[in-house]
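In: Next input, structure requested:
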Amino acid sequence: MKWYNEDGDELMKIVKYNKIKENKYKVIFDNDLEVEMYDDVIVKYNLLMKKELSNKELEEILAINDKYMAYYEGIKFINKKLRTEKEIEGYLDKKGYKQENILYAIDKLKKDGYLNNKIYIESYINDQVNLGSSGPFKIRKKLVELGLREEEIDNYLEGISKEVWEDKLRKLISKRVKANHKMGEYKLKEKICYDLVNLGYSKEMISYLLAEVEIDDNSLIDKEIDKLYKKLSRKYLGQELELQLITKMMSKGFKYDEIKEGIKKLTN
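Out: Predicted structure coming up:
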């Protein structure tokens, strides 16, 4: 027997709820229709008590259920790590959610405390300072790309002392100097400066700290000259060989006087 409401819409009777996830149920109707609903939606529409729905009511409920689906998808994404509003929007869009459902999800995520720009900025910057290698300019650029306000980013960055960045730079410079096996002081410092500018540090601070670094080229010069000599002596002799050695070594950043001394030791 079919039942109708006062507007003439056919009523469907809920006959069973089957739990399929922690917060999700399969709702089974007497006409064999089965739909998945979040418990929030079931409670919101008092379905445990109401039991009967018209087609119009079910359409409205399922529309809200789709919004909750986007919301919980957002929570799942955030649970992996903190996210920005822009990241959530892009992720849900790729997942195929309607714009109205994305906006609903973002608004609810904000209200429920899952999206907080201040916390995100502080967490991201602290991670970069303590665990990463990026400097302030690169950090700022990345956060702006993530859709965060420049003023909020700058407020937190400005609270980090100059000494913190200098200490990070000294460690990065030291690491690169120790890893060098082929470049002379001039070329090495030039490359270190280029690399660290790309990492987001100021050229002035890098140059200032590089000036403090003393690099002993002597053992490296002997090694590089010996290697080049064995290679070039197959093709060149005498003054031409020496000129080729000097040219190649200077291109690696070694000083002329040190190169001459190295050649002298090798050929004597």
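In: Show the pLDDT at residue 180.
Out: Looking at residue 180, its pLDDT is 78.
In: Return the residues in contact with it.
Out: 188, 215, 220 (CB atoms under 8 Å, 6 or more residues apart in numbering). Where you see a C-beta, it was placed from the backbone N, CA and C, and this is true even at glycine.
In: what's the burial count for the second one?
Out: Applying the criterion other CB atoms under 10 Å, we find 15 residues in the vicinity of residue 215.
In: before we move on, what SS does it have?
Out: Per DSSP: H, G, I helix; E, B strand; the rest coil, the secondary structure class of residue 215 is coil.
In: who touches it in this structure?
Out: Here residue 215 is in contact with 177, 180, 185, 188-189 (criterion: CB under 8 Å, 6+ apart).
In: which of the residues you listed tops the neighbour count?
Out: residue 188 (23 neighbours).
In: So it: helix, strand or coil?
Out: For residue 188, the secondary structure call by three-state DSSP comes out as helix.
In: Give me the nearest residue to it, chain neighbours excluded.
Out: residue 180 (5.3 Å; CB to CB, 6 or more residues apart in numbering).
In: for residue 226, same thing?
Out: Going by CB to CB, 6+ apart, residue 226 has residue 266 as its nearest residue, at 6.4 Å.
In: Quick check: pLDDT value at residue 67.
Out: 96.
In: where's it, which helix or strand?
Out: In this structure, residue 67 sits in helix 55-80 according to DSSP states H and E.
In: on that earlier part again, correct me, but the residue nearest to residue 226 touches residue 229?
Out: Yes - Residue 266 is within contact range of residue 229, at 5.9 Å (criterion: CB atoms under 8 Å).
In: Please say which of the two ends up with more neighbours.
Out: Using other CB under 10 Å as the criterion, residue 266 and residue 229 rank with residue 229 on top: 19 against 14.
In: Could I get the contacting residues of the more buried one?
Out: Contact analysis of residue 229 by CB under 8 Å, 6+ apart lists 241, 245, 266.
In: helix or strand for it, which one?
Out: In the assignment (DSSP H and E), residue 229 maps to helix 218-232.
In: Show me how far that helix is from its chain's centre.
Out: Its chain's C-alpha centre lies 42 Å from the corresponding centre of helix 218-232 when counted by CA atoms, centre = their mean, to the nearest Å.
In: Same check on stretch 74-81?
Out: 15 Å.
In: The residue most central in space within the chain: what's it in contact with?
Out: Of all residues in the chain, the one closest to the mean position by CA atoms, centre = their mean is residue 142, 7.8 Å from it. Neighbouring residues of residue 142 by CB under 8 Å, 6+ apart: 124, 134.
In: Help me confirm that residue 156 comes into contact with residue 125.
Out: Yes - using CB under 8 Å, residue 156 is in contact with residue 125, at 5.7 Å.
In: still on that earlier bit, what are the buried residues along the helix or strand in which the residue nearest to the centre of the chain is found?
Out: Per DSSP H and E: residue 142 is located in helix 136-145. Using 16 or more other CB atoms under 10 Å as the burial criterion, the residues of helix 136-145 that qualify are 136, 138-140, 143.
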